[in-house]
Each structure stands twice: as C-alpha cells, then as structure tokens.
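Novice: just the structure for this:
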Amino acid sequence: MNQEVLSLLASLNADMADAIDRVHRSLVHISNGRGAGAGTIWHPDGLIVTNAHVVHGRHDLKVSLPDGRRLPARLLAADPDRDLAALSVDATDLPTIEIGDSRQVRPGQWVMAVGHPWGIQGSVTSGVVIGSGDALPEMRPGRDWIALSLHMRPGHSGGPLVDSQARLIGINTMITGPDVGFAIPVQTVKLFLKEALGSRETIV
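Specialist: Model (predicted):
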C-alpha cells in the first residue's frame, strides 16, 4: 500500500473520529429505574429524544449528560406506536446534534449508530444502509424505517444514527438479527415532536 493511500486512510479515519466526537457531545444516558438506554439532545434548553421503550412510561427517569451531570428528567410525551419519547431536563445551553434529512438516505450509505451497549458508554458501531421506506420486509407496512447492516446491541436503543458528517438521520430502535437493525427516520421524529409539543418546540 503506497504512502498516498495510507495518508488518505489516515485522513478519513481522523474525520470519522472527529464526527463521532461531535455526536458524543449531545449523547445522553437514560436510566428508568429498571434498565437504561441512550438519548440525544435535540434542543439546548433540555429537550431530549429517545425511544418510548427506553422510558417505559416511568416517572423516575434520570439523565446523565456528557458533562457528567446526572439530572432528573420529566417525560413530556411518548408514542409507543412510533417508539418515540420526548424528555426534558432542567438545563440550558446544552450541545445539540446536527439534524440531517432521512429522505436522502440511500442503500449502501455509510452510517454509524451510537449508544451505550452493555453499559459501554458512547460506543459506536458502523455499517451501511440496507434500505428505507414503508415497505421493508420484517416490518409492519405503512411506517417508515431505515434498515441497517451493522452490529447494534441492547443499549443502543434511543441513541442517534448518524451519517458520515455526524448529522442525525434516525433513532436506533431494534435489532432483528446479529447484524440487522432498524432506526426511526429523523423526519418521523420531527413529526412526532410537532404533534406532541406543538409550538413549544422549534422543529428544524
């Protein structure tokens, strides 16, 4: 392998590591008293997005922020059908994730899923998009999904699925095989927040 190729690979590796560093700044750990999952800071005034199955409709929720603070969280809204929930913590000026566009996702696109699998904080797994849309095998028709070829595990739930530029394109939600996972498209998340929170939230 010549030096030019090695330099290119080193540059790509550094770019990806920098991208994940940006994601980690908006990644939170959520404890529901019985289990745990991940979440993403959507708004600097403490709005967090995660899975409904991570919070289980409980009210003894705790959120660990990237800066080390552990705060009680209030459940603002949950939609078990979409498997989405919105939480609020009493904090301001929090770092937020950059929002991407899940409508532009294409099969073969490189993506990364971030979360806390088996308690490993901020763990990252990468792979490619298998497909997206509302007619994917294994999944109930009529709902949009992003199907993924990557190695997600319990604890990735509620965490961000990001593209190579660290933009949020989905929320990790489930695995159906050793290397097959599914995420909820970020456009679905926007719709959920708009319906659940209305004018309280700025939808980007």
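
Novice: now do the most centrally placed residue in the chain, the pLDDT please.
Specialist: By CA atoms, centre = their mean, the mean C-alpha position of the chain lies nearest to Pro160, the distance being 1.7 Å. We note a pLDDT of 97 for Pro160 in this prediction.

Novice: in contact with it, which residues?
Specialist: Counting by CB atoms under 8 Å, 6 or more residues apart in numbering, Pro160 touches Val23, Ser26, Leu27, Ala38, Thr40, Ile97, Ala113, Val114, Leu168, Gly170, Ile171, Asn172. Heads up, the C-betas are built off the backbone N, CA and C, glycines and all.

Novice: kindly report the same for Leu168.
Specialist: Taking CB under 8 Å, 6+ apart as the definition, contacts of Leu168 comprise Thr40, Ile97, Glu98, Ile99, Gly100, Pro160, Leu161, Val162, Val186.

Novice: from Ile130, how far out is the second one?
Specialist: Ile97 sits 23 Å away from Ile130, going by CB to CB, to the nearest Å.

Novice: circling back: make JSON lines out of the contacts of Leu168 and add secondary structure.
Specialist: Compiled in JSON lines, the contacts of Leu168 are given as follows (DSSP: H, G, I helix; E, B strand; the rest coil):
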{"residue": "Thr40", "secondary structure": "strand"}
{"residue": "Ile97", "secondary structure": "coil"}
{"residue": "Glu98", "secondary structure": "strand"}
{"residue": "Ile99", "secondary structure": "strand"}
{"residue": "Gly100", "secondary structure": "coil"}
{"residue": "Pro160", "secondary structure": "strand"}
{"residue": "Leu161", "secondary structure": "strand"}
{"residue": "Val162", "secondary structure": "strand"}
{"residue": "Val186", "secondary structure": "helix"}
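
Novice: now restrict these to buried residues only.
Specialist: The neighbour-count criterion (16 or more other CB atoms under 10 Å) marks Thr40, Ile97, Ile99, Gly100, Pro160, Leu161, Val162, Val186 among these as buried.

Novice: and of the residues you listed, the nearest to Arg70?
Specialist: Distances from the buried ones among the contacts of Leu168 to Arg70 were compared by CB to CB; the smallest belongs to Thr40, at 17.1 Å.
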